Structure formats: structure tokens, C-alpha cells
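S.K.: Output the structure for:
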Amino acid sequence: MAKKWNFLSNHGLVILHIVQNRQATLREIALSTGLTERAVYQIVRELEEGDFIRKRKVGRRNTYTLNQKAILGHPVYGKVTVIDVGKIICEAAQSS
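M.R.: You can find the predicted model right below:
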């Protein structure tokens with residue numbers, strides 16, 4: 001049986017979910033991505049620490065926004081930002 005793998009990392013999956021739904025809870029992100037809530041919590045924390053996303057409390061919920069200027073941080077990607085990748089993938093998914 002072939003090993004199941006995903007094109008995007010778990011961090012990429014969380015970022016895409018945030019692009020699609022800024023007000024999603026960690027539980028909703030976990031259910032959508034197939035990750036555990038604990039894993040999503042850790043990923044969101046790492047993304048915040050890396051300044052890729054910002055978390056803001058609105059009432060009892062958190063909302064997340066992508067840092068528009070955060071570049072991917074690897075020489076191969078050049079100046080491509082997180083938001084560039086998120087938009088491209090979301091637009092492609094909506095058009096299919």
C-alpha cells in the first residue's frame with residue numbers, strides 16, 4: 001500500500017484554512033485539515049512566533065490574519081509571500 005502524503009506541510013494546510021476562514025476555531029481547523037487540535041495549536045503558535053499570522057481576540061473568539069509582508073523565508077522562493085501562495089491555491093480551488 002502506498003504511503004499517503006500531502007503536497008503541503010501541515011503549516012501550509014493551516015495557513016490555507018485561515019485564508020479561507022479567518023474566524024475558524026482551532027477545532028474547526030483541526031477537523032478541516034485532519035490534524036489534531038493540539039497539533040493545530042502548536043502550528044498556530046509557531047506561525048505567530050514566525051510573524052506569518054497575527055491573532056486578535058474578538059469577543060470570545062480569536063481571528064487570524066496573515067502578515068501581508070511575510071516572505072516564505074527560503075532562497076528558492078525569492079520574495080514570494082505567504083499571502084501570495086494562499087491566494088493562488090484558494091483561487092485555483094474555487095475555479096475547479
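S.K.: Closest to the centroid, which residue in this structure?
M.R.: Ile15 (0.8 Å; CA atoms, centre = their mean).
S.K.: you'd agree that residue is up against Leu66?
M.R.: Yes: judged on CB atoms under 8 Å, Ile15 makes contact with Leu66 at a distance of 6.9 Å. Glycine gets a C-beta too; all of them are placed from N, C-alpha and C.
S.K.: In a helix, Ile18, correct?
M.R.: Yes: counting by DSSP: H, G, I helix; E, B strand; the rest coil, Ile18 is located in a helix.
S.K.: Secondary structure element holding the closest residue to it other than its chain neighbours?
M.R.: Leaving aside its chain neighbours, Ile18 sits nearest to Tyr64 (4.7 Å; criterion: CB to CB, 6 or more residues apart in numbering). Element membership of Tyr64 [criterion: DSSP states H and E] is strand 61-66.
S.K.: what's the distance between that strand and the middle of its chain?
M.R.: Between the centre of strand 61-66 and the centre of its host chain there is 11 Å, according to CA atoms, centre = their mean, to the nearest Å.
S.K.: Quickly list what's touching both of Ile15 and Leu66.
M.R.: 52-53, 82, 86 (CB atoms under 8 Å, 6 or more residues apart in numbering).
S.K.: Good, we can wrap up now.
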